[in-house]
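Asks: output the structure for:
(2 chains)
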There are 2 protein chains.
Amino acid sequence: MKPINISEKFKLFNEHWTPKKIGELNGQQLLLAKLKGEFIWHTHENEDELFHIIKGRLIIEFRDKIVELNEGEIVIIPKGVEHKPIAKEEVHVLLFEPLAIKHTGNVINNLTVETFENI
Amino acid sequence: MKPINISEKFKLFNEHWTPKKIGELNGQQLLLAKLKGEFIWHTHENEDELFHIIKGRLIIEFRDKIVELNEGEIVIIPKGVEHKPIAKEEVHVLLFEPLAIKHTGNVINNLTVETFENI
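Replies: Take a look at the predicted model:
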């Protein structure tokens, strides 16, 4: 039950698209990620995914629309919905999702991280 | 998949200790609450609970220690751990917990809200 300071945790890593785990509750995990550039189109078949923007501006492309998210905004992406995050400048996000989700969803490629490091 | 703007949502209500629901995913819910004053000692027998401080300073008393949380800090309270939140000045928090949790946990009293209003 130690306080988790989000901005201090963000100082502990610099990689992009490599979520780090900062907590776990009720079978869910709390991840931090730094995003920059374009991610891949992917879908999480069984998990809804939450993005909470801590810093910067994130674009999420869906097949039928584009959503822009700014600091202090949250979006929940329902399972099965294909999406592609794009960060023109570096974005800091807090992610909330079930344990053991793959961040690249249905796509396994060189961006896929099998286990998220705890920080 | 509309962006949820946290500070805009906080403008929609003024009551204290009355969580409002802003989203739902994977059997969990995302709540906003304004806290001021002292809450009651309570325990959630089966649910871990997450507090994310959006504004202000929250004290959480446990039976064996006191934790102080400031803006941008998170604490996860494991199920079964008795706690008492105290907000000397108004605090804005984001809560993350399973659907249908009672915010007063094992204690049902005049502070208990049976169903959280969607905002």
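
Asks: show me which residues of chain A sit near chain B.
Replies: Within chain A, the positions adjacent to chain B are A:1-7, A:22-26, A:28, A:30, A:47-50, A:60, A:62, A:65, A:67-70, A:72-78, A:81, A:96-98 by Cβ under 8 Å from any Cβ of the partner chain. The way it works is simple: take the backbone N, C-alpha and C, and place the C-beta from them, glycine included.

Asks: how about residue A:81, what does it touch?
Replies: The contact partners of residue A:81, taken as Cβ atoms under 8 Å, 6 or more residues apart in numbering or on different chains, are A:43, A:62, B:1.

Asks: narrow the residues you listed to just the buried residues.
Replies: Neighbour counting by 16 or more other Cβ atoms under 10 Å in any protein chain shown classes none of those as buried.

Asks: what is the host helix or strand of residue A:76 packed up against?
Replies: Assigned by DSSP states H and E, residue A:76 belongs to strand A:73-77. Counting contacts by 3 or more Cβ pairs under 8 Å, 6 or more residues apart in numbering or on different chains; DSSP states H and E, strand A:73-77 packs against strand A:49-55, strand B:4-5, strand B:20-25.

Asks: got the buried residues for the top strand by length along chain A?
Replies: Looking across chain A with DSSP state E, the single longest strand is strand A:83-98. The neighbour-count check on strand A:83-98 (16+ other Cβ under 10 Å) flags A:83, A:85, A:86, A:87, A:91, A:92, A:93, A:94, A:95, A:96, A:97, A:98 as buried.

Asks: for stretch A:24-35, same thing?
Replies: Residues of stretch A:24-35 classed as buried: A:25, A:26, A:28, A:29, A:30, A:31, A:32, A:33, A:34, A:35 (neighbour count, 16+ other Cβ under 10 Å).

Asks: for the helices and strands packed on strand A:73-77, which one ends up most surrounded?
Replies: Burial among these, expressed as mean neighbours by mean count of other Cβ atoms under 10 Å in any protein chain shown, is greatest for strand A:49-55, which shows a mean of 21.

Asks: ok, residue A:37 - how many residues close by?
Replies: Residue A:37 has 12 neighbours, counted by other Cβ atoms under 10 Å in any protein chain shown.

Asks: what lines up beside the helix or strand of chain A with the lowest mean pLDDT in the sheet?
Replies: Each helix and strand of chain A was given a mean pLDDT (mean pLDDT, DSSP states H and E); the minimum falls on strand A:117-118 at a mean of 88. With DSSP bridges as the test, strand A:117-118 is paired with strand A:20-25 (parallel).

Asks: contacting residues around the spatially most central residue of chain A?
Replies: In chain A, the residue lying closest to the centroid (Cα atoms, centre = their mean) is residue A:95, at 4.6 Å. By Cβ under 8 Å, 6+ apart, residue A:95 lies in contact with A:19, A:30, A:31, A:32, A:33, A:49, A:50, A:51, A:52, A:103.

Asks: out of these, which is nearest to residue A:116?
Replies: residue A:19 (5.1 Å; Cβ to Cβ).

Asks: any idea which element the nearest residue to that closest one once chain neighbours are set aside lies in?
Replies: Residue nearest to residue A:19 in three dimensions, not counting chain neighbours: residue A:31, with 3.9 Å by Cβ to Cβ, 6 or more residues apart in numbering or on different chains. For residue A:31, the enclosing helix or strand under DSSP H and E is strand A:28-38.

Asks: does that strand pack against any helices or strands, and if so which?
Replies: Judged by 3+ Cβ pairs under 8 Å, 6+ apart, the packing partners of strand A:28-38 are helix A:6-10, strand A:20-25, strand A:83-98.

Asks: how far does that strand sit from its chain's centre?
Replies: Mean-position distance between strand A:28-38 and its chain equals 3 Å (Cα atoms, centre = their mean, to the nearest Å).
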